[in-house]
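Undergrad: sequence isn't available, so here's the structure alone:
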């Protein structure tokens with residue numbers, strides 16, 4: 001037992017209680033991700049125990065993640081004054097949990113080729129239409145799904161296994177990205193010859209190596225973005241963002257949460273420049289509009305104060321990326337235009353992600369996922385198991401002459 005406090009006169013001091021006792025401060029000893037996992041499993045168990053529950057759907061999974069996140073956020077951050085660093089961490093954690101719920105790398109975010117005129121889409125390149133039809137692909141989405149399925153099969157094979165000779169030549173089938181416009185007339189006026197085609201393999205590989213596809217601990221992923229200083233890791237993150245711009249630009253639409261991940265890494269002007277090099281005209285104001293709409297609809301951030309923590313993180317992160325990618329140069333870089341763009345490495349270097357198994361949260365709950373409802377592993381705190389291949393971009397391509405509203 002500790003000795004009683006001693007007064008200057010050397011006698012024990014009395015400690016009368018003149019104020020009512022205060023409730024003890026609740027300290028959260030579990031990590032955010034562990035609390036979330038516990039809440040998520042509770043919801044899953046309730047779902048299983050309900051005799052009226054049908055097969056688990058993608059919509060169910062998304063709503064369960066949103067509900068578990070909200071409960072966890074209240075436990076971990078609610079009811080106390082937050083430091084500036086905690087406010088930033090809370091904002092970015094919300095972004096990554098939305099990524100976990102939406103799975104933006106899935107095929108459902110690839111719009112049909114005959115989608116409404118105002119929305120972006122992929123079209124088959126005219127020189128690839130016959131080749132694609134020979135293998136049964138009549139639109140880009142069918143080809144993307146088949147290419148990702150081929151990557152999943154190859155991921156399960158031992159290293160250096162020869163490719164199936166009957167595998168479709170996805171690297172030879174090319175598509176072009178058509179941005180959304182204000183009218184069908186504006187869409188028809190887009191000069192398809194000016195847009196740089198990309199291979200189906202490149203698009204599938206960009207989705208296959210999405211930086212968040214293996215993520216299981218979004219809070220730790222957010223913490224990594226807030227604190228990372230390693231040059232190689234910063235370069236890898238930047239390459240991921242560049243690959244999205246070049247090969248999967250549909251992930252930058254205002255309804256896709258990946259837009260905010262890319263805007264954490266690249267500035268608005270950098271995104272516009274990469275689009276222009278690919279023959280696609282996009283205004284900086286369009287990117288800003290998409291960003292504001294995405295924050296409002298996906299995260300409920302409607303005011304500048306709501307968006308401020310994210311903006312501060314992005315500004316700091318982009319500075320770190322710029323410092324990592326701007327070492328002193330002894331000679332000017334000479335840009336050359338490649339005959340075609342591909343993000344696909346040599347067969348022996350093909351990343352081996354995208355194994356076709358359930359989300360860890362569903363597997364641990366013993367939930368049987370119905371056919372067609374494929375779950376993908378998400379990223380650990382140590383980063384994804386497979387990084388996107390490093391591509392040396394070609395020189396600038398021609399740009400469209402007709403300005404377009406890409407919202």
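TA: That came through fine. Keep in mind that what you see is a predicted model, and the values were worked out from it rather than measured.

Undergrad: and residue 172, how far from residue 127?
TA: Residue 172 sits at a distance of 10 Å from residue 127 (criterion: Cβ to Cβ, to the nearest Å). For every residue, glycine as well, the C-beta is placed using N, CA and C.

Undergrad: more neighbours: which of the two?
TA: residue 172 (15 against 11; other Cβ atoms under 10 Å).

Undergrad: sec struct for the more buried one, please.
TA: coil (DSSP: H, G, I helix; E, B strand; the rest coil).

Undergrad: what residues are up against it?
TA: By Cβ atoms under 8 Å, 6 or more residues apart in numbering, the contact list for residue 172 reads 128, 131, 199.

Undergrad: please enumerate the helices of the stretch 101-250 of the chain.
TA: For the stretch 101-250 of the chain, the helices defined by DSSP state H, counting those that start in this stretch occupy 129-134, 140-155, 184-189, 200-208, 218-227, 231-247.

Undergrad: least reliable of the ones you listed by average pLDDT, please.
TA: Per-stretch averages of pLDDT across those put helix 184-189 at the bottom, with a mean of 72.

Undergrad: and that helix, what's buried?
TA: 186-187 (16 or more other Cβ atoms under 10 Å).

Undergrad: equivalent analysis for stretch 109-119, please.
TA: 109-111, 113, 117, 119.

Undergrad: give me the domain ranges for this protein.
TA: 32-83, 94-159+166-324+340-364 (automatic domain parsing).

Undergrad: can you tell me the distance between the two ends of the first one?
TA: For domain 32-83, the separation between the terminal residues is 17 Å (Cα to Cα, to the nearest Å).

Undergrad: same question, stretch 110-128
TA: Stretch 110-128 end-to-end distance (Cα to Cα) = 19 Å.

Undergrad: show me what that stretch is in contact with.
TA: So stretch 110-128 is contacted by 132, 139-141, 143-144, 172-184, 187, 192, 197, 203, 249-250, 253, 406-407 (Cβ under 8 Å, 6+ apart).

Undergrad: contacts only, for residue 42.
TA: Residue 42 touches residue 68, counting by Cβ under 8 Å, 6+ apart.

Undergrad: separation between it and residue 242?
TA: Residue 42 is 40 Å from residue 242, by Cβ to Cβ.

Undergrad: tell me which of the domains of the chain sits most buried.
TA: Neighbour counts (mean count of other Cβ atoms under 10 Å) averaged over each of the domains of the chain peak at domain 94-159+166-324+340-364, with a mean of 19.

Undergrad: still on that earlier bit, any idea which of the buried residues of stretch 109-119 is closest to residue 294?
TA: Using Cβ to Cβ, residue 109 comes nearest to residue 294 of the buried residues of stretch 109-119, at 13.0 Å.
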